[in-house]
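1. Model the following, please.
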Amino acid sequence: MMSQMSLILLALLCAVRFNTITCCHERDRRSLLSFKQGVVDPSNRLSSWSTLPDCCQWDGVHCDHNNRVVYLYLPNDYYFDPISNNHSELLRGEIPEQIGEMKDLESLDLSHNNLHGNIPQGMSGLSFLDVLNLSYNHFSGQIPLGTQLQSFDAWSYAGNPDLCGPPLQKNCTIPDNTEKVEENEDDGFLKSLYLGMGVGFAVGFWVVCGSLVLNRAWRHSYFRFFNGVVDRIYVIVAIKLQKFR
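-> Have a look, this model is predicted:
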């Protein structure tokens, strides 16, 4: 029994030593699992992604001799029936940012699905990407800027009416906030003006009234002056009225 176990262990060690047991790169595997977690797969097209340990053997995935993922092919050409207009088999969800970690990716086809949201910025760093097809989904927003994604033809993004930016002819419009900024500046100026007027009035009022309250001589002088002014006005008005009679 012990000799059989030893032979089995020796065979496993030899298999690992001479690379007869292969497995995809761990970073690529994590990126693919992030993609799987971010989508809804009603037709179980990604079922092998849960059962097989080596992601190079997963459906739609192909690796090179270094076990790096170079090919991801998940279009829905064979699952979508245009006659019945059945969308129930389409992959739904968003592409995760982690897809940009598959640095050796050369071909990516996710066409004819129901994917939505923005195209991840990380995809602009896939420098080996030679084939791209994201057509006929529901992607939106600006195509990430970078020489890689702008090098493809417009057909790579066809059927996504909410996408904008090169290489598409549809420009991305940036909301003009100039008027709002000017309005905010005017509102701020008026608020500062009213605040200054209020503070000035309060300070002036309490300076005058406080002086009269605290200083008896000033208070008496003020009221004598005020009474004198009233008397003069009364006399002037009485004389004017007397002339009209």
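2. Show me the strands in the chain, by range?
-> Using DSSP state E, the strands found in the chain span residues 39-40, 61-63, 69-73, 92-93, 107-109, 114-117, 131-133, 138-142, 162-164.
3. The last one pairs with which strands?
-> Using DSSP bridges, the strands paired with strand 162-164 in its sheet are strand 138-142 (parallel).
4. returning to what we had before: the strands of the chain: which one's closest to D153?
-> strand 131-133 (9.3 Å; C-beta to C-beta). (Glycine included, C-beta is placed from N, CA and C.)
5. so how far is the closest one off the chain centroid?
-> Going by C-alpha atoms, centre = their mean, to the nearest Å, the spacing between the C-alpha centre of strand 131-133 and its chain's C-alpha centre is 24 Å.
6. Distance of W49 relative to K36?
-> 5 Å (C-beta to C-beta, to the nearest Å).
7. The two: which is more packed in?
-> Counted by other C-beta atoms under 10 Å, W49 and K36 do not tie: W49 has more neighbours, with 19 against 16.
8. Pull the contacting residues for the more buried one.
-> L32, L33, K36, C55, W58, D59 (C-beta atoms under 8 Å, 6 or more residues apart in numbering).
9. So which of these belong to helices?
-> Residues of the contacts of W49 located in helices (DSSP state H): L32, L33, K36.
10. follow-up on the earlier one: can you put the strands of the chain in CSV and add mean neighbour count?
-> Shown next, in CSV, are the strands of the chain (neighbours: other C-beta atoms under 10 Å):
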stretch, mean neighbour count
strand 39-40, 14
strand 61-63, 20
strand 69-73, 19
strand 92-93, 17
strand 107-109, 19
strand 114-117, 18
strand 131-133, 18
strand 138-142, 16
strand 162-164, 17
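11. what about I119, neighbour count?
-> 25.
12. So it sits against L149, correct?
-> Yes. The criterion here is C-beta atoms under 8 Å, and I119 meets it with L149 at 7.5 Å.
13. any idea how far G141 lies from D162?
-> Distance check for G141 against D162: by C-beta to C-beta, it reads 7 Å.
14. no, scratch that, I was asking about S124
-> In terms of C-beta to C-beta, S124 sits 19 Å off from D162.
15. what's the answer for N67, then?
-> To D162, N67 is 37 Å away according to C-beta to C-beta.
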